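Peer 1: only geometry, no sequence info:
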């Protein structure tokens with residue numbers, strides 16, 4: 001029987017939301033049993049392991065110095081390089097050393113390195129505004145290759161950092177990634193240009209959206225409680241965001257849009273600084289500036305005008321209400 005891959009988890013600068021989302025995995029046996037069944041054993045995790053304090057710190061020392069073998073390094077949270085590149089804005093508790101130094105040392109030992117969440121992948125919320133903490137991702141600084149480890153970094157197993165982006169991640173994105181790694185079924189060709197696993201990044205949040213009928217007829221919501229499409233007025237970026245959120249429901253039941261909230265494209269680099277309020281759609285001459293991917297502006301304008309002229313009354317009236325005011329009518333039957 002093949003030995004399970006040993007996983008080491010570091011908590012860098014962030015809210016811990018990706019761990020919380022991971023624990024919401026809907027598998028009946030629980031996420032830890034699911035990972036174990038897929039050939040992954042968690043050796044150290046700041047929230048899930050029994051070891052704490054000096055014992056946990058000694059595990060990290062042993063791993064960094066080669067005395068404790070491990071295969072996968074998962075890092076959750078942004079890399080804080082400040083002030084002035086010292087990394088001392090984030091010290092690993094009890095160690096007297098910056099977190100970024102621990103990450104660099106452990107990354108040289110790992111067979112596979114996984115960035116858990118958009119903070120670790122690109123910098124995320126920590127990098128917003130003037131980025132006074134000098135936050136970055138493991139191998140990207142925003143959308144630019146580099147980050148803490150450098151664009152040329154490769155783990156001992158030959159792969160670059162695997163970026164499981166999202167704020168937070170969907171539990172399945174990480175679990176499926178780790179299980180694919182354990183099965184030897186994840187190669188560099190399975191990652192997109194931002195090093196995200198293609199199995200979820202080659203879809204759009206728009207796919208499977210419950211508001212698609214409203215989108216098709218450009219029947220738009222005016223406020224968050226409305227049933228209509230959120231793109232035209234309320235900042236939704238589901239047509240631009242790479243993720244399968246509406247195909248693979250979160251925790252088995254929903255998504256941001258299914259909950260009535262706009263998609264803020266949290267899997268994308270730079271989502272934290274859109275240049276406008278999250279729930280507002282910037283426009284030029286009444287046309288949204290953020291158009292669906294791969295659609296020329298002229299096509300969008302033409303199709304939008306045509307769609308609005310053909311909007312069924314049922315769709316138009318329900319778009320600005322919090323409940324359907326008309327139901328789809330049945331087929332009218334003539335006399336027999």
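Peer 2: That came through, no problem. This one's a predicted model, so the numbers in the text were calculated from it and none came from an experiment. Residues are numbered from 1 along each chain as shown.
Peer 1: Would you map the strands across the chain?
Peer 2: 5-11, 40-44, 72-76, 79-80, 91-92, 97-98, 112-116, 135-136, 140-141, 144-145, 162-164, 283-284, 287-288 (DSSP state E).
Peer 1: pLDDT of the last one, averaged?
Peer 2: Think strand 287-288. Averaged over strand 287-288, pLDDT sits at 81.
Peer 1: other SSEs contacting that strand?
Peer 2: Contact here means 3 or more Cβ pairs under 8 Å, 6 or more residues apart in numbering; DSSP states H and E; on that basis strand 287-288 packs against helix 297-309. In this view, the C-beta of every residue, glycine as well, is placed from N, C-alpha and C.
Peer 1: what is the rounded mean pLDDT of the helix it packs on?
Peer 2: Averaging pLDDT along helix 297-309 yields 76.
Peer 1: before we move on, what about stretch 175-188?
Peer 2: pLDDT averaged over stretch 175-188 gives 97.
Peer 1: Stretch 79-97 now?
Peer 2: On average, stretch 79-97 scores 97.
Peer 1: Now the terminal residues of it, how far apart.
Peer 2: 14 Å (Cα to Cα, to the nearest Å).
Peer 1: What residues sit buried inside that stretch?
Peer 2: By neighbour count, with 16 or more other Cβ atoms under 10 Å as the criterion, the buried positions of stretch 79-97 are 79-81, 87, 89-90, 92.
Peer 1: in this structure, which spans are helices?
Peer 2: Assigned by DSSP state H, the helices in the chain fall at 17-23, 31-37, 53-64, 99-107, 118-122, 171-182, 198-201, 212-216, 231-234, 297-309, 313-319.
Peer 1: deepest of the ones you listed, which one?
Peer 2: Using mean count of other Cβ atoms under 10 Å, the stretch among these with the greatest mean number of neighbours is helix 118-122 (a mean of 32).
Peer 1: now that helix: how far from the chain's centre is it?
Peer 2: Relative to the centre of its chain, helix 118-122 is centred 9 Å away, using Cα atoms, centre = their mean, to the nearest Å.
Peer 1: Need the contact partners of it.
Peer 2: For helix 118-122, the external contacting residues (Cβ atoms under 8 Å, 6 or more residues apart in numbering) are 12-14, 75-79, 115, 124-126, 135-138, 140-143, 161, 163-167, 194-196, 266-271.
Peer 1: wait, what's in contact with residue 140?
Peer 2: Residue 140 makes contact with 121-123, 146-147, 163, 194-195, 269, according to Cβ under 8 Å, 6+ apart.
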